[in-house]
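Colleague: Here you go, sequence then predicted model.
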Amino acid sequence: MTDARYAALQAFIEQCLGADVQGPEPASSDASFRRYWRVQGAGGSHIIMDAPPDKENCGPFIDVSARLVQAGLRAPAVLAQDLEHGFLLLDDLGTRTLLQDLRPETVDRYYDSGMRSLLKMQTSVDGSGLPSYDELRLTAEMELMPQWYLQAHLGLQLTCGDWDTLEQAFGLLLRSARSQPQVFVHRDYHSRNLMLGVSDDSELGILDFQDAVIG
């Protein structure tokens, strides 16, 4: 981070939370140019999304966050924004991912909670206007399996017959997916993006939803 950007980050934090804060401290990063910072102030802990506007678009995150919160799901609400610099002030959902606390004695309870949140997303979140999970997107993602698992990970050399079989299977899956009711799809719903609450029976927090589609 350049000195100028860090100064802009500090100015955004002070504008939102005042000068008497602790941080920012690194919270996390993801497979993009976004970074996340944690700050502690009189009102508790908050997260700053740091998304350089020449590399990232905050719009989808803001949009999908509002949809999830409106549906009653536990997602970080956007409390303040500086789109010129690419900063968002967010609720802090904590530091405990589902994966970190996943054990034989917790797996059934946590996965039940995860499935209930998934069902709520599919039945309650407004998906209108989201990008379509169309044939192009579905095909590109299905092709990751032969490319990265069969060939790169297992070291298999696929024959023309193998590819024909895969393409037939992909076609069946495409037709099935496109014929079903089209609903909100998170696209990255897994244990590293689900946050545990203060108590074990709290609803799971949902992160990394900005690439949501309808499909």
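Modeller: In hand now; what should we look at?

Colleague: give me every residue that touches the residue nearest to I214 when sequence neighbours are not counted.
Modeller: By the measure of Cβ to Cβ, 6 or more residues apart in numbering, the closest residue to I214 outside its immediate chain neighbours is G127, 3.9 Å from it. For every residue, glycine as well, the C-beta is placed using N, CA and C. By Cβ atoms under 8 Å, 6 or more residues apart in numbering, G127 lies in contact with R67, Q182, V183, F184, V185, A212, I214.

Colleague: For the fifth one, give the beta-bridge partners.
Modeller: Listed beta-bridge partners, V185: V213 (assigned using DSSP bridges).

Colleague: thought it was touching G215?
Modeller: Yes - if you go by Cβ atoms under 8 Å, V185 and G215 touch, sitting 4.6 Å apart.

Colleague: Between those two, which contacts overlap?
Modeller: Y133.

Colleague: related to what we said a few turns ago, of the contacts of G127, just the buried ones, PyMOL syntax please.
Modeller: Buried residues within the contacts of G127, by 16 or more other Cβ atoms under 10 Å, are selected in PyMOL with:
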select buried, resi 67+184+185+212+214
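
Colleague: Let me have the contacts of G127 in a markdown table, adding distance to D112 and pLDDT as columns.
Modeller: Below are these laid out as a markdown table (distance: Cβ to Cβ, whole Å; pLDDT from 0 to 100):
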| residue | distance to D112 | pLDDT |
| --- | --- | --- |
| R67 | 24 | 98 |
| Q182 | 26 | 96 |
| V183 | 20 | 97 |
| F184 | 20 | 98 |
| V185 | 21 | 98 |
| A212 | 23 | 98 |
| I214 | 26 | 97 |
